[in-house]
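Enquirer: could you work out the structure for the sequence below:
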Amino acid sequence: MPKHIFVTGGVASSLGKGLTASSLGRLLKLRGLRVTMQKLDPYINVDPGTMNPFEHGEVFVTDDGGETDLDLGHYERFIDEPLTRNSNATTGSIYQAVLAAERRGDYLGKTVQVIPHITDEIKRRIQRLATDDVDVVITEVGGTVGDIEILPFLEALRQYRQDVGRDNICYVHVTLVPFIGPAGEQKTKPTQHSVTELRSRGIQPDVIVCRSQSPISAELKKKISNLCNVDDDAVVNAADAGNIYELPLILHDEGLDTVVCDRLRIEGPIDLAPWQEVVAKIEAATSPVRIGLVGKYVDYQDAYLSVVESIKHAGFHHGAKVEIDWIQAEDVEGLLAGSHLADLDGIVIPGGFGDRGFEGKIAAAGFAREHDIPCLGLCLGLQAMTVDFARNVMGLTGANSTEMDTNTPHPIIDLMHDQRDVADKGGTQRLGAYYAILEPGSRVHQAYGEPVVSERHRHRYELNATWKPRLEAAGLMCTGMSPDRRLVEFIELADHPFWVATQAHPEFKSRPDRAHPLFRELTSAAIARRAARQPVLRVVDEAPAASSSVA
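Expert: So this is what the prediction gives:
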């Protein structure tokens with residue numbers, strides 16, 4: 001029977017529950033265990049697919065087309081396992097399932113209640129991941145203990161211990177130990193109150209992970225142990241780290257995985273060497289390189305979380321420390337002037353929806369094309385780069401996407417023909433993994449090293465296939481196509497250091513120890529551009545002056 005670890009949070013949001021859970025998952029994998037993860041979110045939306053990025057951050061997409069919480073990105077990057085739509089459940093989706101069952105008559109006319117019907121559905125979402133090919137299921141509960149929305153989830157977690165047995169459950173509670181400046185002290189009272197609230201719901205934590213700005217003392221750990229009724233070694237400190245990928249090693253040094261394995265009666269050694277190599281490579285990445293990210297949600301950087309991590313991974317691969325320059329795509333005039341873009345070593349144009357900022361992305365694509373700045377377009381970025389080429393190379397004034405201008409005279413980007421009459425536009429998206437066949441010898445083929453690749457998608461509009469012959473005749477290379485040859489998946493220019501785009505979202509598959517090929521090659525071209533622009537120091541060898549001696 002698979003073991004279960006439940007991760008809850010207290011005191012404040014954004015403490016790093018997802019990173020703590022992900023780090024624990026990596027440590028368990030380093031012990032040879034088969035690990036999967038999931039997120040239970042208390043909001044009533046069915047999924048984050050329609051939520052504003054300023055509200056929720058990025059939408060992470062799984063291979064099977066699930067639109068999920070961004071924490072699943074952390075999970076995949078740390079445990080290096082592809083997850084599915086089953087790894088994210090919301091209050092909305094749970095109530096939707098229960099109400100559908102009630103309408104079908106599954107409850108035989110009984111009164112439908114939070115207990116047992118909602119809690120049973122939550123437990124079913126947890127149990128469906130506990131398959132025979134998994135040793136440990138780690139479940140993170142979103143929100144904070146004390147929130148009214150979280151109560152059914154806590155009750156389900158309490159009941160689950162009775163269902164599968166005490167030795168198969170470990171409760172990990174992440175809490176805050178703040179530093180109070182005027183008092184000059186770290187305070188444990190918020191942690192005490194948080195644990196008291198959790199215990200009032202019938203859950204006694206086995207481990208308390210204390211988030212803090214700086215390390216906490218042994219005396220404070222002892223105090224938390226006594227007042228929260230946990231073993232001394234089960235109070236783990238996760239102080240702020242230099243980079244998130246250090247966290248597994250920090251938590252291991254604090255004994256987190258050891259305590260959890262003891263609680264679950266899991267035996268076996270751990271081999272930290274693979275992750276130590278990852279961290280060492282990150283620490284050795286010191287050569288500066290500057291990448292501009294031209295987006296419309298740059299005021300809330302979690303909206304591009306996977307893109308940012310992918311750029312960093314590419315930097316790790318090349319031993320470069322990437323500086324990300326956040327550029328507002330709505331500043332069209334500034335982007336057209338190009339003075340800021342000229343100082344960049346490379347540019348990434350990420351995805352998005354709607355017309356806001358689209359003209360700025362087109363301007364950035366054009367500046368990169370004209371000034372030989374390495375540029376990578378993702379999803380909407382491909383569309384912006386294609387529109388720039390149509391307008392400014394082919395001379396097609398007014399060329400656009402029909403998403404932005406339904407009356408454009410040159411609909412370079414459009415809905416697929418079989419989607420135009422569909423009333424529910426949400427149902428017309430391409431979601432999840434799709435294959436592409438790459439043109440032999442192309443830049444993308446060289447980057448991937450494979451003739452056929454699979455990438456995750458989340459979009460509705462496509463490069464209009466009827467325009468493909470004219471675009472190619474003008475010099476735009478369509479170097480990746482869907483297997484049925486209907487859809488353009490990749491474009492590039494041959495006479496440019498790196499001007500490449502994909503209709504997909506490759507950022508979802510990048511890993512800290514395995515940079516994605518497209519980001520890797522973009523960063524390589526950016527490093528080459530930076531090196532070429534550095535002043536050359538010439539050392540003039542001069543003959544040594546004749547020496548004189550004094551008798």
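Enquirer: where exactly do the helices run in the stretch 151-300 of the chain?
Expert: Ranges of helices in the stretch 151-300 of the chain, per DSSP state H, counting those that start in this stretch, are 151-164, 189-200, 218-228, 247-253, 256-264, 273-284.
Enquirer: residue contacts, the spatially closest residue to residue 372 that is not a sequence neighbour?
Expert: Sequence neighbours aside, residue 497 is the residue nearest to residue 372 in space, at 5.4 Å (criterion: C-beta to C-beta, 6 or more residues apart in numbering). Using the backbone N, CA and C atoms, a C-beta is placed for each residue, glycine as well. Residues counted as contacts of residue 497 (C-beta atoms under 8 Å, 6 or more residues apart in numbering) are 372-374, 525, 528-529.
Enquirer: among those, which pair sits farthest apart?
Expert: Spatially, the most separated pair among these is 373 and 528, at 11.6 Å (C-beta to C-beta).
Enquirer: ok, those two, which is more surrounded?
Expert: residue 373 (25 against 16; other C-beta atoms under 10 Å).
Enquirer: can you redo the helices of the stretch 151-300 of the chain as CSV with mean pLDDT, mean neighbour count and distance to residue 407?
Expert: Formatted as CSV, the helices of the stretch 151-300 of the chain follow (pLDDT from 0 to 100; neighbours: other C-beta atoms under 10 Å; distance: least, C-beta to C-beta, whole Å):
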stretch, mean pLDDT, mean neighbour count, distance to residue 407
helix 151-164, 96, 19, 49
helix 189-200, 95, 18, 56
helix 218-228, 95, 16, 64
helix 247-253, 97, 20, 51
helix 256-264, 97, 20, 59
helix 273-284, 96, 15, 50
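Enquirer: figure out which of these is closest to residue 63.
Expert: helix 273-284 (23.5 Å).
Enquirer: alpha carbons only: can I get the closest one in PDB?
Expert: The C-alpha trace of helix 273-284 is given here as PDB (Å, rounded to 0.1, in the frame of the first residue of the first chain):
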ATOM      1  CA  ALA A 273      25.200  12.900  -5.100                       C
ATOM      2  CA  PRO A 274      22.900  13.600  -8.100                       C
ATOM      3  CA  TRP A 275      21.300  16.600  -6.500                       C
ATOM      4  CA  GLN A 276      24.600  17.900  -5.000                       C
ATOM      5  CA  GLU A 277      25.900  18.000  -8.600                       C
ATOM      6  CA  VAL A 278      22.900  20.100  -9.600                       C
ATOM      7  CA  VAL A 279      23.400  22.600  -6.800                       C
ATOM      8  CA  ALA A 280      27.200  22.700  -7.500                       C
ATOM      9  CA  LYS A 281      26.500  23.500 -11.100                       C
ATOM     10  CA  ILE A 282      24.100  26.200 -10.100                       C
ATOM     11  CA  GLU A 283      26.700  27.700  -7.800                       C
ATOM     12  CA  ALA A 284      29.300  27.600 -10.500                       C
END
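Enquirer: which neighbouring elements make contact with that helix?
Expert: helix 247-253, helix 305-318 (3 or more C-beta pairs under 8 Å, 6 or more residues apart in numbering; DSSP states H and E).
Enquirer: pLDDT value on residue 361, please?
Expert: Residue 361 is assigned a pLDDT of 96 by the prediction.
Enquirer: right, I mislabeled it, should have said residue 340
Expert: 86.
Enquirer: what number of residues lie near the nearest residue to it once chain neighbours are set aside?
Expert: Take residue 340 and drop its neighbours on the chain: the residue closest to it by C-beta to C-beta, 6+ apart is residue 334, 6.4 Å away. The number of residues packed near residue 334 is 15, by other C-beta under 10 Å.
Enquirer: and the helix or strand hosting residue 334, what does it pack against?
Expert: Element membership for residue 334 (DSSP states H and E) is helix 332-337. Helix 332-337 makes packing contacts with helix 358-370 when contacts are defined by 3+ C-beta pairs under 8 Å, 6+ apart.
Enquirer: and the end-to-end length of stretch 506-516?
Expert: 7 Å (C-alpha to C-alpha, to the nearest Å).
Enquirer: if I look at the residue lying closest to residue 51 once chain neighbours are set aside, how far off is residue 489?
Expert: Once flanking residues are discounted, residue 51 sits nearest to residue 45: 5.9 Å by C-beta to C-beta, 6+ apart. As judged by C-beta to C-beta, to the nearest Å, residue 45 and residue 489 stand 30 Å apart.
Enquirer: next: residue 21.
Expert: Residue 21 is 34 Å from residue 489, by C-beta to C-beta.
Enquirer: and the lengthiest helix in the chain with helix 305-318, angle?
Expert: Longest helix in the chain by number of residues (criterion: DSSP state H): helix 517-533. Relative orientation of helix 517-533 and helix 305-318, computed by axes from the mean of the first three to the mean of the last three C-alpha atoms, to 10 degrees: 60 degrees.
Enquirer: buried ones in helix 517-533, by neighbour count?
Expert: 517-530 (16 or more other C-beta atoms under 10 Å).
Enquirer: run a quick neighbour tally on residue 267.
Expert: Using other C-beta under 10 Å, residue 267 has 8 neighbouring residues.
Enquirer: read off the pLDDT value for it.
Expert: 93.
Enquirer: relative to residue 33, how far out is it?
Expert: On the measure of C-beta to C-beta, residue 267 and residue 33 end up 11 Å apart.
Enquirer: same question for residue 25.
Expert: 9 Å.
Enquirer: where does pLDDT dip in this protein?
Expert: 417-427, 535-551 (pLDDT under 70).
Enquirer: pretty sure the residue nearest to residue 340 sits against residue 364.
Expert: No - when contacts are counted by C-beta atoms under 8 Å, residue 334 is not listed as touching residue 364 (10.1 Å).
Enquirer: any idea how far residue 38 lies from residue 226?
Expert: 33 Å.
Enquirer: help me confirm that residue 413 is found in a strand?
Expert: Yes - judged by DSSP: H, G, I helix; E, B strand; the rest coil, residue 413 forms part of a strand.
Enquirer: okay, and the beta partners of it?
Expert: residue 401, residue 463 (DSSP bridges).
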